[in-house]
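Novice: Predicted structure and sequence below. I'll ask about it afterward.
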Amino acid sequence: MCGAHGNIPVIPGKTFCYQCAENNRWNNINQNYGIDRDTYIQMYEAQNGCCAICGDTKSIPNTSIYGMSTAAQRRNILMVDHDHKSSRVRGLLCQLCNTALGGFKDNPEALDKAKEYLAKHAQND
């Protein structure tokens, strides 16, 4: 049973319950990005529930990750994207777009070169 919430069962294999996990996650998001759950939901709604880059509409709001049952479902959350230099929140991205920006180290010139590379090697079908 959860020490913080009384008779609530813990997450299997963990020492805390879903509510503790949820509270800790939002505390981390607030500390890392300076936004709370309500701000995240406002951003999600302003983006019509879509990734700000690819427009993926299969994404779901990042509001109850521990209640999701599969890794695939957890990968479909919209993540908080931020500028690594200023820490300013830019928007919400799907995991693939967020990882891609991170891989390019938020460097617009590198992204331009990647776009040129893809265009150069595109198959004309």
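Specialist: Sure, I can see it.
Novice: Pull the number of nearby residues for residue 39.
Specialist: 15 (other C-beta atoms under 10 Å). Heads up, the C-betas are built off the backbone N, CA and C, glycines and all.
Novice: what's the distance between it and residue 45?
Specialist: According to C-beta to C-beta, to the nearest Å, residue 39 and residue 45 sit 11 Å apart.
Novice: Kindly report the same for residue 34.
Specialist: 19 Å.
Novice: Which one of those two is surrounded by more residues?
Specialist: residue 34 (13 against 10).
Novice: thought that one was touching residue 82?
Specialist: No: between residue 34 and residue 82 there is no contact under C-beta atoms under 8 Å: 9.0 Å.
Novice: what bridges to the residue nearest to the spatial centre of the chain?
Specialist: Taking C-alpha atoms, centre = their mean, the centroid of the chain lies closest to residue 79, which sits 1.4 Å from it. Counting by DSSP bridges, residue 79 forms beta bridges with residue 93.
Novice: Need the single longest helix in this structure, by residues.
Specialist: helix 18-33 (DSSP state H).
Novice: May I see the buried residues of that one?
Specialist: 18, 20, 21, 22, 25, 26, 29, 33 (16 or more other C-beta atoms under 10 Å).
Novice: tell me the pLDDT at the last one?
Specialist: Looking at residue 33, its pLDDT is 94.
Novice: what about the strands in this structure?
Specialist: 79-82, 89-93 (DSSP state E).
Novice: Mean pLDDT added to those, as JSON lines?
Specialist: Shown next, in JSON lines, are the strands of the chain (pLDDT from 0 to 100):
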{"stretch": "strand 79-82", "mean pLDDT": "93"}
{"stretch": "strand 89-93", "mean pLDDT": "95"}
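Novice: want to throw those into TSV with distance to residue 122?
Specialist: Shown next, in TSV, are those (distance: least, C-beta to C-beta, whole Å):
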stretch	distance to residue 122
strand 79-82	27
strand 89-93	24
